[in-house]
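Engineer: Next input, structure requested:
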Amino acid sequence: MVLAGGRRRSWIKKLDPSNNRVTTLAGTGRAGFKDGKALVAQLSEPSGLAEVGNGKLFIADTNNSVIRYMDLNQAEPDLLTLELKGVQPPVPRGRTMKRLRKRLSADTQVIKVDGSSSTEGNLYLRISLPEGYHFSKEAESKFNVETEPDSAVVIEPLGGFLGPEGSAMLHFKRSKSSVSMGRVNCKVYYCKEDEVCLYQSLAFEVPFEEVIPDSPPAEVILQHVVKPKDSRGNLQLPAAPL
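Structural biologist: Have a look, this model is predicted:
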């Protein structure tokens, strides 16, 4: 038996070498966060698998920042989240700005906004959902900040969680008057009423133009309405009994 995680499709599949048959073990193919029966549960870019014996499979659920597990000995296994009780959290690293990554993941939607030529100001994150959807309470939506060059502008906080209505406020202050770029990355977890939960990766690109002396503090709005992806084109292989 060969197991594989689908980073682009957010599922776990099994290949039987004896007949080359591929079946789905867990996930729906759409990114999200949901425990339960494996075939209706959701993951987001599972990137690592480890079978530890007795049929136990552990999964690194990358975008949800958790470890998931399932018992392959069960006819209809559950996909659950591992609780790390008694484990000390990692020691925080120094508060340094992250340098802008050149490449983003394929599923990230990039939103370009009008920047600022002021020496300081606020960035207002405002993420909205369509009617009938709400932000997940199990997996909190969050953000982090990157800049290029890394010493030209300071944006705080460097990361955090979105408020219940999908909002957050950040403050920027420029240490250099030259052109620079900021990026606010968001991981948005949202659900349809009594149905499936979904995931969307966003990246707001904020250009900082050359400073104009004596410019008043800027107020830059980073807003976006998340639109659920149409899953009618998604190909999902039927699952076969283990």
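
Engineer: you'd agree Leu43 is up against Arg68?
Structural biologist: Yes - contact status for Leu43 versus Arg68: in contact at 6.4 Å, counting by Cβ atoms under 8 Å. Heads up, the C-betas are built off the backbone N, CA and C, glycines and all.

Engineer: Can you pull the residues that touch both of these two?
Structural biologist: Common neighbours of Leu43 and Arg68, using Cβ atoms under 8 Å, 6 or more residues apart in numbering, are 59, 61, 79.

Engineer: mind checking pLDDT for the last one?
Structural biologist: The pLDDT attached to Leu79 in the predicted structure is 92.

Engineer: For it, which non-adjacent residue is closest in space?
Structural biologist: Of all residues not flanking Leu79 in the chain, Ala41 sits nearest, at 3.8 Å (Cβ to Cβ, 6 or more residues apart in numbering).

Engineer: helix/strand/coil for the residue nearest the centre of the chain?
Structural biologist: For the chain, the residue nearest the mean C-alpha position is Lys187 (3.6 Å; Cα atoms, centre = their mean). Classification of Lys187 using DSSP: H, G, I helix; E, B strand; the rest coil returns strand.

Engineer: OK, contacts around it?
Structural biologist: So Lys187 contacts 63, 141-143, 199-201 (Cβ under 8 Å, 6+ apart).

Engineer: Pairing partners for it in the sheet, please.
Structural biologist: Counting by DSSP bridges, Lys187 is bridged to Lys142, Ser201.

Engineer: Okay, it and Asn54: tell me how far apart.
Structural biologist: Distance, Lys187 to Asn54, by Cβ to Cβ, to the nearest Å: 33 Å.

Engineer: now Gly115
Structural biologist: Going from Gly115 to Asn54 by Cβ to Cβ gives 55 Å.

Engineer: More neighbours: which of those two?
Structural biologist: Ranked by neighbour count (other Cβ atoms under 10 Å), Gly115 and Asn54 place Gly115 first, with 19 against 8.

Engineer: what pLDDT does that one get?
Structural biologist: On the pLDDT scale, Gly115 is placed at 87.

Engineer: Run a quick neighbour tally on His224.
Structural biologist: Neighbours of His224 under the rule other Cβ under 10 Å: 18.

Engineer: so how far is Ile127 from it?
Structural biologist: Taking Cβ to Cβ as the measure, His224 falls 6 Å from Ile127.

Engineer: what is in contact with these two at once?
Structural biologist: Listed as contacting both His224 and Ile127 by Cβ under 8 Å, 6+ apart are Leu202.

Engineer: where does Ser44 fall, phi/psi-wise?
Structural biologist: With angles defined as degrees, to the nearest 10, Ser44 sits at phi -140, psi 100.

Engineer: Done for today, thanks.
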